[in-house]
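S.K.: just coords:
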């Protein structure tokens, strides 16, 4: 069984956290991501693996723990079966669970958070859209004479990771969609990705290939909003990524669209049950994995 351990020192972590704090204070509009990180992406049969929901500007240093009530679903998919992760709790800055990997093969672990409403001052909202390269949303705001209007947004976070138990090269469960409205699908086994590999991922939006979306990837130790690559998905929703360093990595993507009509389900903050006057609905999707080998 192979594992990749983090090599961060305490001083490195302190520097990265301080860097994030400086950036966050300077740019409150900067978007943050949510990740699902496994303690290991390979395991022996019967081994218990820690799983953590991480909310981070600096991957994977969590800023705060997601509240348990924010979880819509936390599930493990294996061989066509879905099992619920029902026992999780706040541990420091993370929302964590432990799951016994008692079956051989690939396990897809997926978390969906309840939608949450936020209202952002106009300048900050425009800066956020620019940061995410959300050109269509920016163009729509200008076309509708709304660049000075606050951004009223309902956002949903969706995250996945993968664990391979007792090496099973024939298992392709990693390709199985979990049904998230925005989802990243590896097209080869992410538990076996190595330094120097060029790998493919497909983005699905509402179950269909999403063309023209920006996909970003990076690894632990990068400053906030810094990526190794930014790739635009092709007509089949596919992006090609090169892995140039060992360690913990992520791939993430984002969509934002105008809410089509008042009173739609997109305007309900499911974490509170309150109706919010959202003009925009966004989804954030991510996967995490470990890259092995030598640079």
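M.R.: Thanks, I have the structure now. In this text, all values refer to a predicted model and were calculated from it rather than measured experimentally.

S.K.: in this protein, where's the longest strand?
M.R.: The single longest strand within the chain, with elements called by DSSP state E, is strand 151-165.

S.K.: so what strands line up beside the helix or strand following that strand?
M.R.: As assigned by DSSP states H and E, the chain's next helix or strand after strand 151-165 is strand 182-186. Using DSSP bridges, the strands paired with strand 182-186 are strand 198-205 (antiparallel).

S.K.: which SSE is immediately downstream of the partner strand?
M.R.: Downstream of strand 198-205, the next assigned helix or strand under DSSP H and E is strand 208-209.

S.K.: can you list contacts of that next one?
M.R.: With contact meaning CB atoms under 8 Å, 6 or more residues apart in numbering, strand 208-209 is reached by 202, 203, 233, 235, 236, 237, 238. (Each C-beta comes from the backbone N, C-alpha and C, glycine too.)

S.K.: how does it look with 6 Å?
M.R.: The contact list for strand 208-209 (CB atoms under 6 Å, 6 or more residues apart in numbering) reads 236, 237.

S.K.: how far off centre is that strand?
M.R.: 18 Å (CA atoms, centre = their mean, to the nearest Å).

S.K.: make 551 the starting number, not 1.
M.R.: With 551 as the first residue, the last one maps to strand 758-759.

S.K.: list the neighbouring strands of it plus their orientation.
M.R.: Strand 758-759 sits in its sheet next to strand 748-755 (antiparallel), going by DSSP bridges.

S.K.: run the chain-centre distance for the strand it pairs with.
M.R.: Centroid separation for strand 748-755 versus its chain: 13 Å, with CA atoms, centre = their mean.

S.K.: mind listing what's buried along that strand?
M.R.: Within strand 748-755, the residues that count as buried by 16 or more other CB atoms under 10 Å are 749, 751, 752, 753, 754, 755.

S.K.: correct me if wrong: the second one contacts residue 736.
M.R.: Yes - contact criterion CB atoms under 6 Å: residue 751 and residue 736 qualify, at 5.5 Å.

S.K.: circling back to that earlier point, so the longest strand of the chain versus strand 732-736, what angle?
M.R.: Relative orientation of strand 701-715 versus strand 732-736 (axes from the mean of the first three to the mean of the last three CA atoms, to 10 degrees): 30 degrees.

S.K.: which strands or helices does strand 701-715 pack on?
M.R.: Packed against strand 701-715 by the contact rule (3 or more CB pairs under 6 Å, 6 or more residues apart in numbering; DSSP states H and E) you find strand 583-588, strand 592-593, strand 655-663, strand 666-670, strand 830-841.

S.K.: okay, those in JSON lines with distance to residue 646 next?
M.R.: Shown next, in JSON lines, are the helices and strands packed on strand 701-715 (distance: least, CB to CB, whole Å):
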{"stretch": "strand 583-588", "distance to residue 646": "10"}
{"stretch": "strand 592-593", "distance to residue 646": "16"}
{"stretch": "strand 655-663", "distance to residue 646": "12"}
{"stretch": "strand 666-670", "distance to residue 646": "20"}
{"stretch": "strand 830-841", "distance to residue 646": "14"}
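
S.K.: rank these by pLDDT, which is bottom?
M.R.: Per-stretch mean pLDDT for these is lowest at strand 666-670 (a mean of 91).

S.K.: measure residue 612 to residue 708 for me?
M.R.: Separation of residue 612 from residue 708 (CB to CB, to the nearest Å): 17 Å.

S.K.: over to residue 831?
M.R.: According to CB to CB, residue 831 and residue 708 sit 13 Å apart.

S.K.: what's the answer for residue 804, then?
M.R.: 10 Å.

S.K.: just for this structure, where's the confidence low?
M.R.: 551-581, 811-826, 845 (pLDDT under 70).

S.K.: make it 90
M.R.: 551-583, 606-607, 629-630, 681-683, 691-699, 717-720, 774-775, 809-828, 843-845 (pLDDT under 90).

S.K.: the residue most distant from the middle of it, which is it?
M.R.: Within the chain, residue 695 marks the point farthest from the mean C-alpha position, 32.0 Å out by CA atoms, centre = their mean.

S.K.: what helix or strand is it on?
M.R.: Going by DSSP H and E, residue 695 is not in any helix or strand.

S.K.: what are the ranges of the strands in the stretch 551-700 of the chain?
M.R.: Counting by DSSP state E, counting those that start in this stretch, the segments of the stretch 551-700 of the chain that form strands are 583-588, 592-593, 597-606, 621-628, 631-634, 638-641, 644-651, 655-663, 666-670.
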